[in-house]
Structures are given as C-alpha cells and as structure tokens.
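Peer 1: I'd like to go over a predicted model; first the sequence, then the structure.
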Amino acid sequence: MPVPTRPRLHHLALTVTDVNTSVRWYEELFDIHFVMNAPHEGGIGKVLADDDFGLMLVLHHHDANDARTFDEATTGLDHAGFVVPNRADLVTWQQHLAAKGVAPTEVADKPLTQSPIADEPYGSVLVFRDPDNIQLEIFAPPAQ
C-alpha cells in the first residue's frame, strides 16, 4: 500500500469573541490582510492571508458564542505554534509584540501578554496570547 503524501497545514481557524477586533490585531501582528468572508451557518469566518497564501488564518464569529476567553485546559486547541529560522528572530518578535501592545510578563497567562524566550534543548520558544487569550508560540530551532 502506498504511503500518502504528508499534508502541510493549510490554515488555522480560530473562534474569537470580536471578529473585527481580531481581524485588525492579526493583520497588524503577522502582516497579513483580509481576503474574503466565509459565511457559515450561525456565523461568519474572515479569511486572512499573506500575498502567496503561505500563512492563512480564518477568524470565526459564531452567533452562539458566549464571549468567554479561551482556556487551553479544555478539550480542543491547546495552542498554535509558528516557526522562525533562528533565536535572533524571536528577539525581534518580542519587540514587535511589545510595539503591538502585547506586554512582557513572567508568564503569558492573560490576554495580550508575552513571556520571556525559553531556551530549551529542542529550541527556543516565545509564548504570547491574543485578545481572546488564545496561546500562540513562535519557535526557533536550536543553533547548529
């Protein structure tokens, strides 16, 4: 039996409480832009992407959303991880996040906070949270 082609991540879809606020935040953060609406039963998705669709996010509003912030301790998404080539890029991201209102803290455990870079044997990680408290990480592999 042939082995199937390994899939790549096509897009990341997140449910948010205020879709317009989140669209602006993610556009500014990742230098991506609104592409189109993706209506669905009970709400709407807003598709954001860079020019070559190498990074694509879909931010969903559901009419039934109870407006609670995200909690990774429940079943479902724990966090979304992105990768950059090296640790120096993480330092640049720390500065970029701070300029966008993501406050440096010892632990990123509240909306719009970022932790210090954690250097681990498998690489370096910068943890931060969006306006809905969704945990995001940017990873850099260990230096060769």
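Peer 2: Structure received.
Peer 1: pretty sure Ala64 contacts Gly42?
Peer 2: Yes. Counting by Cβ atoms under 8 Å, Gly42 is a contact partner of Ala64 at 6.1 Å. For every residue, glycine as well, the C-beta is placed using N, CA and C.
Peer 1: Do a quick rundown of the strands in the protein.
Peer 2: 12-15, 33-40, 43-49, 56-62, 80-83, 103-104, 113-114, 118-120, 123-129, 135-140 (DSSP state E).
Peer 1: partners of the fourth one, with directions?
Peer 2: Taking DSSP bridges as the criterion, strand 56-62 pairs within the sheet with strand 12-15 (parallel), strand 43-49 (antiparallel).
Peer 1: Of those, which is nearest Gly81?
Peer 2: Set against Gly81 and scored by Cβ to Cβ, those come closest in strand 12-15, at 9.9 Å.
Peer 1: Give me the buried positions along the closest one.
Peer 2: Buried residues in strand 12-15, counting neighbours by 16 or more other Cβ atoms under 10 Å, are found at 12, 14-15.
Peer 1: Check stretch 15-30 too.
Peer 2: Residues 15-17, 19, 22-23, 25-26, 29-30 are the ones in stretch 15-30 that count as buried (16+ other Cβ under 10 Å).
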